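**Q** Sequence and predicted structure below; questions after.
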Amino acid sequence: MARTAATQAVAKATRTPSASKRAASKQAASTREAPAASPPPLAERLGDALAQLRAAASTSHRDGLARYAIPTERAFGVPMASIQGIAKRLGRDRELAEALWGSGWYEARLLASYLDDPAQVSAAQMDRWGRQFDNWAVCDTVCFALFDRSPHAWRKIGQWAGRRDEYLKRAAFALLASKTVHDKAAPDQAFLHGLELIEAGAGDERNFVKKAVNWALRSIGKRNAVLHAAALAVAKRLAASEDAAPRWVGKDALRELNSAAVVARVTAKAARVPARKAAAKAPRTRK
């Protein structure tokens with residue numbers, strides 16, 4: 001009888017999970033069934049982001065913005081490093097980016113360019129934001145951090161290069177310069193067309209336009225040997241102009257493109273291309 005009772009107890013214990021196992025199973029089931037936590041309401045996220053910007057601001061930095069022709073009426077005075085740090089903490093958030101842009105604050109618009117998703121930026125959004133550019137810093141940051149990764153970037157370069165609006169026209173060439181850095185797969189032909197836009201736009205005497213034209217010209221010329229030669233040709237033609245704006249663009253670009261550092265850089269790039277092609281064609285041997 002004792003053996004029978006013991007045997008039944010062992011069998012029961014084997015069939016029935018322990019209390020701890022049952023608790024673990026219930027917890028796992030609860031975890032699987034629990035819905036993902038929804039983000040806080042947009043108003044709360046916007047308030048938090050603006051509060052973080054205000055906390056990182058300083059009067060001295062705000063006062064210094066005026067020296068760089070950046071309006072301070074709607075500025076907190078936050079260094080770029082702090083804005084980028086806040087962006088890392090917040091992560092991608094298109095809804096918040098749009099709300100920050102709509103707030104009109106200088107630093108909020110810079111922050112928006114880091115929070116938005118370039119793959120989802122529409123052509124209409126690019127036009128809408130572009131028409132609201134009111135200083136070179138917002139223009140350049142949005143182009144360099146967001147717009148140049150948009151699938152609509154090349155089309156907007158061509159469209160905006162012919163616009164009259166000062167900052168929208170600057171955006172065309174700031175975007176072109178940004179493309180030389182971030183678009184590794186773009187063919188030379190795209191940048192050769194960009195040089196045509198540069199030559200056509202170099203006559204604009206407005207400071208923020210001609211500086212962006214010059215930036216784009218120098219950037220294309222540093223991309224590779226083929227584009228370096230093409231950019232040099234454009235810079236020489238502009239430098240020989242009788243008009244002040246294109247002459248400045250050309251001469252300033254020639255100084256950098258003819259520098260020993262740039263020549264060495266593009267020469268080294270040209271030397272690496274045949275080596276990579278040879279390595280790709282070489283038969284692979286099994287070890």
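**A** Arrived safely. Remember, it's a predicted structure, so these values are computed and weren't measured experimentally. Residues are numbered from 1 along each chain as shown.
**Q** where along the stretch 1-150 of the chain do the strands fall?
**A** Taking DSSP state E, counting those that start in this stretch, the stretch 1-150 of the chain contains no strands at all.
**Q** Surely Ala108 is in contact with Leu53?
**A** Yes: with contact defined as Cβ atoms under 8 Å, Ala108 counts as touching Leu53 (6.5 Å). Bear in mind the C-beta positions are built from the backbone N, C-alpha and C, glycine included.
**Q** OK, contacts around the residue nearest to Gly130 when sequence neighbours are not counted?
**A** Spatially, and ignoring its direct neighbours in sequence, Gly130 is nearest to Leu168 (4.9 Å; Cβ to Cβ, 6 or more residues apart in numbering). Leu168 sits next to Gly130, Arg131, Phe133, Trp160 when contact means Cβ atoms under 8 Å, 6 or more residues apart in numbering.
**Q** Let's see the ChimeraX selection covering just the buried ones among these.
**A** Selecting only the buried entries of those in ChimeraX, with 16 or more other Cβ atoms under 10 Å as the criterion:
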select :130,133,160
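**Q** okay, the contacts of Leu168 in a markdown table with pLDDT next?
**A** As requested, these are exported to a markdown table (pLDDT from 0 to 100):
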| residue | pLDDT |
| --- | --- |
| Gly130 | 98 |
| Arg131 | 97 |
| Phe133 | 98 |
| Trp160 | 98 |
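**Q** Out of the contacts of Leu168, the closest to Gly85 would be?
**A** The closest of the contacts of Leu168 to Gly85 turns out to be Phe133 (Cβ to Cβ; 24.1 Å).
**Q** Enumerate every residue touching the closest residue to the closest one other than its chain neighbours.
**A** Leaving aside its chain neighbours, Phe133 sits nearest to Tyr167 (3.7 Å; criterion: Cβ to Cβ, 6+ apart). Contact partners of Tyr167, counting by Cβ under 8 Å, 6+ apart, are Gly130, Phe133, Asp134, Asn135, Trp136, Cys139, Phe208.
**Q** Specify the local secondary structure of the residue nearest to Ala245 when sequence neighbours are not counted.
**A** Nearest non-adjacent residue to Ala245, counting by Cβ to Cβ, 6+ apart: Glu205, 4.4 Å away. Under DSSP: H, G, I helix; E, B strand; the rest coil, Glu205 falls in the coil class.
**Q** Touching, Glu205 and Ala244? I think so.
**A** Yes: under the criterion of Cβ under 8 Å, Glu205 makes contact with Ala244 at 7.0 Å.
**Q** Run a quick neighbour tally on Glu205.
**A** Glu205 has 12 neighbours, counted by other Cβ atoms under 10 Å.
**Q** and what of Val226?
**A** Val226, neighbours per other Cβ under 10 Å, totals 13.
**Q** Per-residue pLDDT of it, please?
**A** With respect to pLDDT, Val226 scores 97.
**Q** downstream neighbour of the helix or strand hosting it in the secondary structure list?
**A** Secondary structure from DSSP states H and E places Val226 in helix 225-239. Sequence-wise, the next helix or strand downstream of helix 225-239 (DSSP H and E) is helix 244-257.
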